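Undergrad: I'd like to go over a predicted model; first the sequence, then the structure.
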Amino acid sequence: MSAKAIGEAVSGAPSETATPLKTQLRRAERLKKLKYGALIAPLALFLLLTFLWPIGALLMRSIENPEVPEALPQTLRALAGWDRQALPGEDAYAALVADLTENKGSRTLAVAAKRMNMEEPGFRSLFMNTARKLPLEPGVDAREGLLEIDSQWGELGTWQLIARNGRAYTDYFLLAAVDLYRDGAGNIVQADPSASIFVDIFVRTFWMSLIVTVWCVVLGYPVAYLLATQSSRVSNLLMIFVLLPFWTSILVRVAAWIVLLQQGGLINMGLISLGIIDQPLQLVFNRIGVYIAMVHILLPFMILPLYSVMKGISPTYLRAAVSLGCPPFKSYWKVYFPMTIPGLAAGGLLVFIISMGYYITPALLGSPKEQMASYFVAFYTNETTNWGMAAALSAVLLLATLILYFVYNRLVGSATSGARPR
Amino acid sequence: MKQKQSTMKLLALAAGMLTIGAAQADLTVISFGGTNQKAQVKAFYEPFTKETRIAIVQGEYNGEQAKIKAMVDARNVTWDVVEVESPELARGCEEGVYEKLDYSRIGNKKDFLDSAIRECGFGFFVWSTVLAYNADSLKVAPTSWSDFWDLKKFPGKRGMRKGAKFTLEFALMADGVKPAEVYKVLGTKAGVERAFKKLDQIKPHIQWWEAGAQPPQLLASGDVVMSSAYNGRIAAAQQEGRNLKIVWTGNIYDVEFFALPVGVTQRDAAYKFLATVGKADNQKVYSSEIPYGPTNLKAMAQIPAAVAAELPTAPANAKTAVASNTSFWVEHGEDLEQRFNAWAAR
Amino acid sequence: MIPAYASLSERIWFYAFRVGCGLILLFLVIPILVIIPLSFNSDSFLIYPMSGFSLRWYEEFFFSDTWTHALKNSLIVAPFATLLAMVFGTLASIGLTRVDFPGKALVTAILISPMVVPVVIVGVATYLVFAPIGLSGSYVGLILVHAALGVPFVVTTVSATLQGFDYNLVRAAASLGANPVTAFFRVTLPLVAPGVISGGLFAFGISFDEVVVTLFLASPEQTTLPRQMFSGIRENISPAIAAVATILTIFAVLMLLTLEWLRGRSERMRTSASNR
């Protein structure tokens, strides 16, 4: 590196021989850094705009909570000093009536009502119906008027919920993503078992990824070994068996597995006609189908890095061990296997990381019991338009993935040098 | 130099391709796809295009409101007319997602069923979720939702729509709740528990479906012996020669709507489209293509008796039916769907 | 090969190993091959034995608006996404392999990160950010995100190629009077072309097979081939799906052959360079 730099510095600036060589060198080095840094800049900027910014914004959404402050500003001001122990004073009631009257029929109110309905079902209609019946007759007391419309306004919980959502940021979604919530007094407590699901889902995501990874290792290791030890003619030919599925659309492979595994599918027909079973087996829309298809899709990601590592191991090591009297299997285990661990780790982590984010395969081949974290992100985004919840689940999933990615990077070294097989 | 020219050409081509779709003044109509959409094409899209020379871009979705909400938020509305179910319509109307309709541009309100005229949506057909079964695989015909739950008498898998809506109602009816009282019971915490408990009984035997095209498919292939299904889809499969049968006892019917997202760009064309949809002649064609009931009262009178008997609106079919309770689902939809999702995933 | 002096157990192990590997390799390809004949089935069941040979499902593909529209969209989105990923990715790879700076590992990790972040998150995130600025439901939005997803593959392949690249060649070009741009196009690019093209093919493959982001970002006008397949598979696995699958598999074979050819070419170039 420095030799090159010297060459450049000398040929590039002959007139400046007056300045010390060291300074010149440093300047040239800096210039070079700038020049090549400028080449990275467009991509960095591009990813910043199309990738990092959206993800940052998504993560922010998991704590943003603007709906209630926008719809009930006066009420929240009146509740500012409230201790949340007993019902608030008259001024809070008056402020609420004013807020609701002002925002009656507006989108702001509907959105706030929806937000509160997430935490306490029934709040949407409490707000919408109350607003519909406002303004109160002149001279009617705000508290009495509200209580007349709905007795829920006389409940402490109602007011606690409003107060809890009074700030522009909330930990509600993040807590909910790990099955926790804040009770009326603001303490963090475990969610009701009928509603708590996400811890189980994350465990399931982890567990299914682990199973898939283990199967990929079990099936991928021998194949990679075979490929690495054959002559290049044979191994190139066999490599087609690995690369063809690798390049074939995931949807094609999913469709193929449905055709093979369904009730009247080829495997069931075959087993029945061979007399092995009389009733078709349930092979798809359950865990088995998802595992089979995921292993099929991810196996090349295991084989390729393993192959590239094994290819670099000279067979002479093994021969040396055997010739020194070590039995074949033992020498294999003691000599060859340890050298393949980097490939095993790289492939395994790659498969594991990809599995964690799987959506398409469980969605098409699984029942609700096979859905992983990604499905719930999509569910909250599309079906209940609860984007805060989608963001919070994303945050947890992303955190888990990034930790694994960090480990992966450590193991593989600089990602540029070998993350991509071949 | 030559290289530069060809680069320029490529860029021009690129720019041209990117504007495809943006510049056309087509009307984008989004519906639930499948047979339903095919019937809409014949009954509404084709007459509309013939009359106005405006082409229709068809799209399909499964009723998710997120995209529409995002479009409206962004003031970049690319969908002009959207088919919506009634709770989503009511919610969307409150939250400012759907435009308030000007009925003077659609037709005479008196010509339509009362339930079809909503502030933000124009009801254009009456559909029903029914119990359907494959008569080839079941020797004895099931007659009610209790039979649907009877695993001994009718062994095999059952299909149900993956969602709380209607699934919970069916569970309660199977548990002996009278059709008229379903929503009263479901409105209580104990009622919800009761419904989920009833669902637990057949949970391992349920094959969940999401798109309306799936149940006839699942029934025909023998993957399930019976299924909840949209009556129109079953009828379409019958026409294709499948031996599928409908049990009308305890069916749940609702009106389906067309709505315009707030800030729709092709407003004039969209209203013209709604007017086309409202016409009795077109609705008659629609009902004969797929047996969903018309909302235009005149169309109802013109429909031949054989077709009319297959509609959810036929007196015999409506006798034990439940009208879907929109305000219940507006109120409890999000909560129950989440609860259902958590339950199903376990 | 197995040596003549191998014991019986070694022989058994040798053959068992091979049979096992053979089965695993069959597991990898058979599902893909099984679906192809079914696309020529004359009736609408995906079951063997087939009732007869027919091209009706291909007709359905090529003459239905839905499928041709989807194909057209895929052929608009994927090439542009590839082009963007290739240009940005190649430039950045050159920069990355030529300089060292503090935090380089971090920058590299960020440039590669679209490969590891779960696609659903990318889909939801870009959708929520792009929608307010009018980029959801547009070709541009879809192309940008697909390009971002393809970038890591370009960066890794091109970087790997550049690691074997001899920069003295560029210096030689410069000393002979070529300006940096000429040197890049006449010297660097032809030599790293195989890497750039394979990176591009990867990016193309990613975009051409992408469903999840498309599910969120595309409106019906931008429905791509995989997106259409997704609804098709969910609703009704007909031989039409098998026909599309067959077309896509042929496409995969073409990609694979191109890549193999490129690899062979670059290997030859490398060996001839080292023999010099």
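TA: Structure received.
Undergrad: What segments of chain C are helices?
TA: Under the criterion DSSP state H, chain C contains helices at C:8-38, C:56-63, C:65-98, C:104-112, C:119-130, C:139-163, C:168-175, C:180-183, C:189-208, C:212-217, C:225-235, C:239-275.
Undergrad: For these, give me JSON lines that also has distance to A:K32 and mean neighbour count.
TA: Any C-beta I mention is one placed from the backbone N, CA and C, and that applies to glycine too. Formatted as JSON lines, the entries for the helices of chain C read as follows, by distance: least, CB to CB, whole Å; neighbours: other CB atoms under 10 Å in any protein chain shown:
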{"stretch": "helix C:8-38", "distance to A:K32": "46", "mean neighbour count": "15"}
{"stretch": "helix C:56-63", "distance to A:K32": "53", "mean neighbour count": "16"}
{"stretch": "helix C:65-98", "distance to A:K32": "7", "mean neighbour count": "22"}
{"stretch": "helix C:104-112", "distance to A:K32": "14", "mean neighbour count": "18"}
{"stretch": "helix C:119-130", "distance to A:K32": "34", "mean neighbour count": "26"}
{"stretch": "helix C:139-163", "distance to A:K32": "16", "mean neighbour count": "26"}
{"stretch": "helix C:168-175", "distance to A:K32": "13", "mean neighbour count": "14"}
{"stretch": "helix C:180-183", "distance to A:K32": "12", "mean neighbour count": "13"}
{"stretch": "helix C:189-208", "distance to A:K32": "19", "mean neighbour count": "22"}
{"stretch": "helix C:212-217", "distance to A:K32": "37", "mean neighbour count": "25"}
{"stretch": "helix C:225-235", "distance to A:K32": "43", "mean neighbour count": "22"}
{"stretch": "helix C:239-275", "distance to A:K32": "25", "mean neighbour count": "17"}
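Undergrad: Adding distance to A:A255 and mean pLDDT, write those out as CSV.
TA: As requested, the helices of chain C are exported to CSV (distance: least, CB to CB, whole Å; pLDDT from 0 to 100):
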stretch, distance to A:A255, mean pLDDT
helix C:8-38, 7, 91
helix C:56-63, 13, 88
helix C:65-98, 14, 92
helix C:104-112, 30, 86
helix C:119-130, 19, 93
helix C:139-163, 22, 92
helix C:168-175, 48, 87
helix C:180-183, 47, 86
helix C:189-208, 16, 88
helix C:212-217, 17, 93
helix C:225-235, 5, 88
helix C:239-275, 5, 81
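Undergrad: Ok, which of those comes nearest chain B?
TA: helix C:225-235 (4.1 Å; CB to the nearest CB).
Undergrad: Residues of the stretch 51-200 of chain C that sit close to chain B?
TA: Within reach of chain B by CB under 8 Å from any CB of the partner chain, the stretch 51-200 of chain C has these residues: C:76, C:80, C:127-128, C:131-134, C:136-140.
Undergrad: Closest to the centroid, which residue in chain C?
TA: C:G205 (2.5 Å; CA atoms, centre = their mean).
Undergrad: ok, back up a step: relative to A:P138, which of the helices of chain C is closest?
TA: Nearest of the helices of chain C to A:P138, taken as CB to CB: helix C:119-130 at 44.7 Å.
Undergrad: Compute the inter-axis angle for the closest one and helix C:139-163.
TA: Our comparison of helix C:119-130 with helix C:139-163, counting by axes from the mean of the first three to the mean of the last three CA atoms, to 10 degrees, yields an angle of 130 degrees.
Undergrad: Show me what helix C:119-130 is packed up against.
TA: Using 3 or more CB pairs under 8 Å, 6 or more residues apart in numbering or on different chains; DSSP states H and E as the contact criterion, the elements in contact with helix C:119-130 are helix A:53-61, helix A:373-382, helix A:387-412, helix C:139-163, helix C:212-217.
Undergrad: Present these as JSON lines; the columns should include distance to A:L298.
TA: Shown next, in JSON lines, are these (distance: least, CB to CB, whole Å):
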{"stretch": "helix A:53-61", "distance to A:L298": "24"}
{"stretch": "helix A:373-382", "distance to A:L298": "15"}
{"stretch": "helix A:387-412", "distance to A:L298": "15"}
{"stretch": "helix C:139-163", "distance to A:L298": "16"}
{"stretch": "helix C:212-217", "distance to A:L298": "16"}
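Undergrad: Can you get me a residue count around whichever residue of the stretch 101-250 of chain C sits closest to chain A?
TA: In the stretch 101-250 of chain C, the residue found nearest to chain A is C:P118; the distance is 2.6 Å by CB to the nearest CB. When counting by other CB atoms under 10 Å in any protein chain shown, one arrives at 26 neighbours for C:P118.
Undergrad: from what I can see it touches A:M356, true?
TA: Yes: using CB atoms under 8 Å, C:P118 is in contact with A:M356, at 6.6 Å.
Undergrad: Need the residues touching each of those two.
TA: Taking CB atoms under 8 Å, 6 or more residues apart in numbering or on different chains as the contact criterion, the common neighbours of C:P118 and A:M356 are A:A373, A:L397, A:T401.
Undergrad: Are we agreed that A:Y181 is in a strand?
TA: Yes: secondary structure of A:Y181, determined by DSSP: H, G, I helix; E, B strand; the rest coil: located in a strand.
Undergrad: show me what contacts it?
TA: A:Y181 is in contact with A:E119, A:Y172, A:L175, A:I188, A:V189, A:A191, counting by CB under 8 Å, 6+ apart.
Undergrad: Could you check how many residues crowd around the nearest residue to A:R287 once chain neighbours are set aside?
TA: Leaving aside its chain neighbours, A:R287 sits nearest to A:E370 (5.7 Å; criterion: CB to CB, 6 or more residues apart in numbering or on different chains). The criterion is other CB under 10 Å. On that basis, A:E370 has 23 neighbouring residues.
Undergrad: can you pull the contacts of A:E370?
TA: Counted by CB under 8 Å, 6+ apart, A:E370 has contacts A:M208, A:N286, A:R287, A:V290, A:P362.
Undergrad: what's the single longest helix in chain B?
TA: Ranked by residue count, the top helix of chain B under DSSP H comes out as helix B:326-345.
Undergrad: what stretches of chain A score poorly on pLDDT?
TA: For chain A, residues meeting the criterion pLDDT under 70 lie at A:1-18, A:412-422.
Undergrad: sorry, back to before: wait, the residue nearest to the centre of chain C sits on A:I250?
TA: No: under the criterion of CB under 8 Å, C:G205 makes no contact with A:I250, lying 10.5 Å away.
Undergrad: Just the C-alphas of stretch C:234-241, formatted as CSV.
TA: Taking Å, rounded to 0.1, in the frame of the first residue of the first chain, the C-alpha atoms of stretch C:234-241 are listed here in CSV:
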residue,chain,number,x,y,z
ARG,C,234,-53.3,-19.3,-2.4
GLU,C,235,-56.5,-19.5,-4.4
ASN,C,236,-56.2,-22.3,-6.8
ILE,C,237,-53.2,-24.4,-7.8
SER,C,238,-54.2,-25.0,-11.4
PRO,C,239,-51.9,-26.3,-14.2
ALA,C,240,-51.7,-22.6,-15.2
ILE,C,241,-49.5,-22.2,-12.2
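Undergrad: Contacts for that stretch next, please.
TA: When contacts are defined by CB under 8 Å, 6+ apart, stretch C:234-241 is touched by residues A:255, A:258-259, A:262, A:364, B:33-34, B:210-211, B:213-214, B:217, C:38-39, C:41, C:44-46, C:57, C:60-61, C:67, C:229, C:232-233.
Undergrad: check contacts around the closest residue to chain B within the stretch 101-250 of chain C.
TA: When distances are taken as CB to the nearest CB, the stretch 101-250 of chain C approaches chain B most closely through C:P220, which lies 2.7 Å from it. By CB under 8 Å, 6+ apart, C:P220 lies in contact with B:T28, B:I30, B:V57, B:Q58, B:G59, B:E60.
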